[in-house]
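**Q** With the sequence up front, the predicted model follows.
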Amino acid sequence: MARAEKVAAVAELTQAFQTSTGAVLTEYRGLSVAQLKELRQSLGANATFSVVKNTLTKIAANEAGVTVELTELLSGPSAIAFVSGDVVEAAKGLRDFAKANPLLVIKGGMLDGKALSPAEIV
């Protein structure tokens, strides 16, 4: 990834952290492309699900003032569901998908700037 692309990716992630009501950090290891597509659809219209690079996400989270608890969870293959609007609908979609597909691991998240444990999300 070229430097300009990295800067753009960090700026996009920073904006997503700042404008989202909540974010849920997941590990998607072992899920197929079709399953990820199904997951994106189950989150509803108010959420986006993106595979992210951990280092760039840490930089963006620090720039956005996100809690340290969330950045500490960035290891392994990570993806983030950014929610703008109804957080409950997206959380239910994640919960139901994780029950049907145990390969999706919910690592944690944030809601209005406060860190959430996986138990608080599902």
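**A** Arrived safely. Numbering: from 1, shown residues only.
**Q** Could you list the residues in contact with stretch 48-67?
**A** The contact list for stretch 48-67 (C-beta atoms under 8 Å, 6 or more residues apart in numbering) reads 1, 6, 9-14, 16-18, 23, 28, 36, 39-40, 43, 70-71, 74-75, 77-82, 110, 113-115. From N, CA and C alone the C-beta is placed, and that goes for glycine too.
**Q** unless I'm mixing things up, residue 29 is touching residue 75, no?
**A** No. Using C-beta atoms under 8 Å, residue 29 is not in contact with residue 75; the gap is 11.4 Å.
**Q** which residues of the protein fall in strands?
**A** Along the chain, counting by DSSP state E, strands occupy 22-27, 47-52, 78-83, 105-111, 114-116.
**Q** Mind exporting the C-alpha coordinates of the third one to PDB?
**A** Just to be clear, that refers to strand 78-83. Output of strand 78-83 as PDB, limited to C-alpha atoms (Å, rounded to 0.1, in the frame of the first residue of the first chain):
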ATOM      1  CA  SER A  78      -9.800  -7.500  12.300                       C
ATOM      2  CA  ALA A  79     -13.000  -5.900  10.900                       C
ATOM      3  CA  ILE A  80     -15.100  -3.100  12.300                       C
ATOM      4  CA  ALA A  81     -18.800  -2.500  12.000                       C
ATOM      5  CA  PHE A  82     -19.400   1.200  12.200                       C
ATOM      6  CA  VAL A  83     -23.000   2.100  13.200                       C
END
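**Q** quick one: pLDDT of the nearest residue to residue 89 once chain neighbours are set aside?
**A** Ranked by C-beta to C-beta, 6 or more residues apart in numbering and with sequence neighbours excluded, the top spatial neighbour of residue 89 is residue 44, at 4.6 Å. Note on residue 44: pLDDT of 82.
**Q** Going forward, the N-terminal residue is numbered 18.
**A** In the new count, where the first residue is 18, that last one comes out as residue 61.
**Q** Mean pLDDT per helix and strand in the chain: which one sits at the bottom?
**A** In the chain, no helix or strand scores lower on mean pLDDT, DSSP states H and E than helix 85-88, which sits at a mean of 82.
**Q** quick one, which of residue 46 and residue 92 is more surrounded?
**A** Set residue 46 next to residue 92 and count neighbours by other C-beta atoms under 10 Å: residue 46 wins out with 12 against 9.
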